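J.: Could you look at this predicted model? Sequence included:
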Amino acid sequence: MGELNHIAIIMDGNGRWAKNRNLPRTYGHAEGAKKVSDVLQWAKKYGIKYLTLYAFSTENWKRPDEEVSALMKLLKKFLTEKTIELIENDICLKIAGRVDELSCELQALIQDSIKKTADNKSGTLVIALNYGGRAELTDAVKKIAEKVQDKKLNIQSITEETLSQNLYNPEIPDPELLIRTGGELRISNFLLWEIAYTEFYITDTLWPDFDEATFRDAINSFGKRERRKGGLL
Ligand code: FPP
């Protein structure tokens, strides 16, 4: 089995979880947010160094206002209450997404948490927030174009590596495994560039019901895959 260092997760199914209980969708998100600490513990237990969680997409702004504000509130709560947990567990926090479009309050909490956890080495949590794979690629192209315009880069010297180096978190290796809960078979504009060779594990389990057994199952299933990356062996 190849090495497994980075798992990315599409945390889908909060709305359905709530609907099954006749609760508002926002309850499902709150229950889903509680799961994040558990997943961090499991990642540590199974030696996963990087975890990327899709918390809010560039498309999620289209949801009803009250759902968007409930999600923003949960993110603020997470940053306020969990930064200490990240410090205690030696986990470094990073954000992937268009942070400058978020509220000033949320941006300040993000900067504070990033600063306080910057030197942590045992693991990295990336929260994809106001994230879109196409937005990330668009932003990378803009950065590259600026460098060309400023004569800091020749067009001829642009390689795949140049693109990778201009993504939101260039120092983070691509995920080897992507887990999607909630059973849908689509990528939903997540990590388009980074998942070129990523293995997928899709489970019908709704995100608030996600448990250690399912997480372990995803890791075991990864262990059984033959990863050829386009080659023969
Ligand atoms: C998809 O479920 C989930 C989201 C759009 C938000 C995910 C956010 C959280 C789990 C909480 C906040 C995260 C952190 C890191 C604190 P859905 O609403 O699309 O579910 P459905 O497909 O059943 O409708």
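T.: Now that the structure is in, tell me what you want to look at.
J.: in the chain, which spans are strands?
T.: All strands of the chain, identified by DSSP state E, fall at 6-10, 50-57, 91-96, 123-131, 177-180, 199-202.
J.: hmm, who's touching the fifth one?
T.: In this structure, residues lying in contact with strand 177-180 by Cβ atoms under 8 Å, 6 or more residues apart in numbering are 4, 6-10, 12, 190-191, 195, 198-203, 215, 218-219, 222. Placement of C-beta: from N, CA and C, glycine included.
J.: try it again with 10 Å
T.: Outside of strand 177-180, the residues within contact range by Cβ atoms under 10 Å, 6 or more residues apart in numbering are 2, 4-13, 39, 48, 52, 54, 186-188, 190-191, 194-195, 198-203, 205, 207, 210, 214-215, 217-219, 221-223, 225.
J.: Of all the strands of the chain, which one is nearest the ligand?
T.: Distance to the ligand, taken as Cβ to the nearest ligand atom, is lowest for strand 50-57 among the strands of the chain, at 4.0 Å.
J.: wait, does the closest one contact the ligand?
T.: Yes - using Cβ under 6 Å from any ligand atom, strand 50-57 comes into contact with the ligand via Leu53, Ala55.
J.: hey, which helix is longest across this protein?
T.: Counting residues, the longest helix found in the chain (DSSP state H) is helix 65-88.
J.: Show me what that helix is packed against.
T.: Applying 3 or more Cβ pairs under 10 Å, 6 or more residues apart in numbering; DSSP states H and E, one finds that helix 65-88 contacts helix 14-19, helix 25-45, strand 50-57, strand 91-96, helix 104-117, strand 123-131.
J.: neighbours of the residue in the chain positioned nearest to the ligand, just the number please.
T.: Of all residues in the chain, Gly15 sits closest to the ligand, at 2.5 Å by Cβ to the nearest ligand atom. Per other Cβ atoms under 10 Å, the neighbour tally for Gly15 reads 20.
J.: quick one: contacts for the residue nearest to it when sequence neighbours are not counted?
T.: If the residues on either side of it in the chain are set aside, Gly15 comes closest to Arg25, at 4.4 Å by Cβ to Cβ, 6 or more residues apart in numbering. Going by Cβ under 10 Å, 6+ apart, Arg25 touches Asn14, Gly15, Arg16, Trp17, Ala18, Lys19, Arg63, Pro64, Glu66, Glu67, Ala70, Leu71.
J.: Hmm, Glu67 and the second one touching each other?
T.: Read it as Gly15. Yes - counting by Cβ atoms under 10 Å, Gly15 touches Glu67, with 8.6 Å between them.
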